[in-house]
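A.B. asks: Okay, sequence plus prediction incoming.
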Amino acid sequence: MSSEATTQPIQQLSRRGLRLAGLVVAVVLVAVVATGLVTRATQASSLKSWTQEQAVPTVKIIMPEPGKSGPVLDLPGRLEAYIRAPIYAQVGGYLKDWKTDIGTPVKAGQLLGEISTPEIDQQLLQARADLASAKANADLAGITAKRWQAMLGSDSVAQQDVDQRTGDYAAKVALMKAAQANVDRLEATKAFARIVAPFDGVVTARDTDVGALINAGGGTGPELFVVSDTHKLRVYVQVPQSYGPSIHPGSGAVLVVPEYPGREFHAQVVASANAINAVSGTTLVQLQVDNADGKLMPGSFAHVHFNLPVDATALRVPASALIFDNAGLRVATVGAGDKVAFKKVSILYDYGKTVEIGSGLSPGDHVIDSPPDGIQDGDTVKIASNDDAAKLHEKA
């Protein structure tokens, strides 16, 4: 009896333990399942939030800035002597000799060459003989007139005869003056047989030689010599119409010539045509450059760089901020609520890495640099911090 009584409580305790263990296991399983469900819900929520954040593009913002320096206008130019004088013969004959060759520095009045003029020499001899004859006739007429004037006081001659002698003397004096003028003319013409430099300069051309037949005539015959003043040079540039108002007398420019690579020559604008060529759409601008060392040569070609003034109203942005599509040239800006707003712009000057915007932007606009593909007007964007901007720059 005692053993049976003892066995029964033990069995009851075993059943209770099993139920308790089962209950604990069930509670643990429920807790594990609940924890898994909560974790999955949390992860799903985090994934959704992360996905939504990733769906909003991160952009780098820049502010338009006014230009610190103006654009550089590069145009071809032509160098010319400050003064250039082609010298022609004013008398005919044969070239007796020449004294200076090309490249020779000369002074004003220095002899360049001499023309042999036998025909003028003979004309001058004849004119001088005519002058001597006219002078002799005038002297005789003068003496006769004085004698008749003296006889008029004694009433031995008529007044009419005295007047005739006096008139004859006046006519002979006039003929003498005409003969003198003819001699002076021929002597002046003979002086042109000596070809001299009109000013200090350099002989830049000699198109004649000893024994060559010289024909008189300014500008119709060939040039005998060309004398050029090259201590300064004139530079002529055709400037496009749109840049004409920006280039005025007093503006500076830099010249670069092929024969001196890497060397710059400074010039200054001295005159403008103030008129537009209807064919080329340009205006002629004249500059002046110092050439005391004689390095620059008249007639040569040069690149002329104009530093144009800064436009205070123009703003500069990186070229990477531009969007060009079927809607035209635009930039993307970030407005209120971090919403994208496109603005149409026009380019004033293109500097390569940056561009100068002529219209469409304001100084306070937040411009998106390198806007993502597919971005639309009204899209929400996230403005990158400094670290994010650096990462975006590295990706770009």
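C.D. replies: That came through, no problem.

A.B. asks: make it CA atoms for all contacts and neighbour counts henceforth
C.D. replies: OK.

A.B. asks: Mean pLDDT per helix and strand in the chain: which one sits at the bottom?
C.D. replies: Within the chain, no helix or strand scores below helix 386-395, which has a mean of 50 by mean pLDDT, DSSP states H and E.

A.B. asks: tell me the secondary structure for the spatially most central residue of the chain?
C.D. replies: By C-alpha atoms, centre = their mean, the chain has its centre lying nearest to F306, at 4.3 Å. Of the three states, F306 takes strand according to DSSP: H, G, I helix; E, B strand; the rest coil.

A.B. asks: R40 too?
C.D. replies: helix.

A.B. asks: Okay, now the unreliable bits of the stretch 201-350 of the chain?
C.D. replies: Within the stretch 201-350 of the chain, the stretches with pLDDT under 70 are 217-221, 312.

A.B. asks: Spell out the residue ranges of the strands in it.
C.D. replies: Applying DSSP state E, counting those that start in this stretch to the stretch 201-350 of the chain gives strands spanning 201-206, 213-214, 225-240, 252-256, 265-272, 282-290, 301-307, 315-318, 322-325, 328-334, 340-344, 346-350.

A.B. asks: how close does the residue nearest to the centre of the chain sit to E264?
C.D. replies: Applying C-alpha to C-alpha, to the nearest Å, one obtains 13 Å for the distance of F306 from E264.

A.B. asks: same deal with K343?
C.D. replies: Taking C-alpha to C-alpha as the measure, K343 and E264 are separated by 42 Å.

A.B. asks: Buried ones in stretch 110-122, by neighbour count?
C.D. replies: Residues of stretch 110-122 classed as buried by neighbour count (16 or more other C-alpha atoms under 10 Å): 110-117, 120.

A.B. asks: how distant is that stretch from the center of its chain?
C.D. replies: Here stretch 110-122 is found 48 Å from its chain centre; the criterion is C-alpha atoms, centre = their mean, to the nearest Å.

A.B. asks: can you list contacts of that stretch?
C.D. replies: Here stretch 110-122 makes contact (C-alpha atoms under 8 Å, 6 or more residues apart in numbering) with 91-100, 186, 189-190, 193-197, 214.

A.B. asks: circling back: would you mind saying which of the strands of the stretch 201-350 of the chain lies nearest I87?
C.D. replies: With respect to I87, and counting by C-alpha to C-alpha, the nearest of the strands of the stretch 201-350 of the chain is strand 225-240 at 5.2 Å.

A.B. asks: Can you name every helix or strand that the closest one contacts?
C.D. replies: Using 3 or more C-alpha pairs under 8 Å, 6 or more residues apart in numbering; DSSP states H and E as the contact criterion, the secondary-structure elements in contact with strand 225-240 are strand 72-87, strand 201-206, strand 282-290.

A.B. asks: what's the angle between the longest one and strand 346-350?
C.D. replies: Same thing as strand 72-87. If you take axes from the mean of the first three to the mean of the last three C-alpha atoms, to 10 degrees, strand 72-87 sits at 60 degrees to strand 346-350.

A.B. asks: strand partners of strand 72-87, parallel vs antiparallel please.
C.D. replies: Using DSSP bridges, the strands paired with strand 72-87 are strand 225-240 (antiparallel), strand 301-307 (antiparallel).

A.B. asks: Give me the angle between that strand and strand 201-206.
C.D. replies: Comparing the axes of strand 72-87 and strand 201-206 via the same axes, to 10 degrees yields an angle of 80 degrees.

A.B. asks: Also the last one?
C.D. replies: With the same axes, to 10 degrees defining the directions, strand 282-290 sits at 120 degrees from strand 201-206.

A.B. asks: so what secondary structure elements neighbour strand 282-290?
C.D. replies: In this structure, strand 282-290 packs against strand 225-240, strand 265-272, with contacts taken as 3+ C-alpha pairs under 8 Å, 6+ apart.

A.B. asks: Pick the most deeply packed of these.
C.D. replies: With neighbours defined by mean count of other C-alpha atoms under 10 Å, none of the helices and strands packed on strand 282-290 is more surrounded on average than strand 225-240, at a mean of 23.

A.B. asks: Let me know whether W148 touches V162 as I believe.
C.D. replies: Yes. Under the criterion of C-alpha atoms under 8 Å, W148 lies in contact with V162, with a separation of 5.5 Å.

A.B. asks: Low-confidence ranges, the stretch 1-150 of the chain, go.
C.D. replies: 1-18, 41-55, 69-70.

A.B. asks: what about the helices in it?
C.D. replies: Ranges of helices in the stretch 1-150 of the chain, per DSSP state H, counting those that start in this stretch, are 2-55, 118-152.

A.B. asks: Turn the helices and strands packed on strand 282-290 into a markdown table, including distance to P249.
C.D. replies: A markdown table is the format used below for those (distance: least, C-alpha to C-alpha, whole Å):
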| stretch | distance to P249 |
| --- | --- |
| strand 225-240 | 13 |
| strand 265-272 | 5 |
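
A.B. asks: Which among these is found nearest to V317?
C.D. replies: For the helices and strands packed on strand 282-290, the distance to V317 is smallest for strand 225-240, at 25.5 Å, taking C-alpha to C-alpha.

A.B. asks: can you state the direction angle for the closest one and strand 265-272?
C.D. replies: Relative orientation of strand 225-240 versus strand 265-272 (the same axes, to 10 degrees): 80 degrees.
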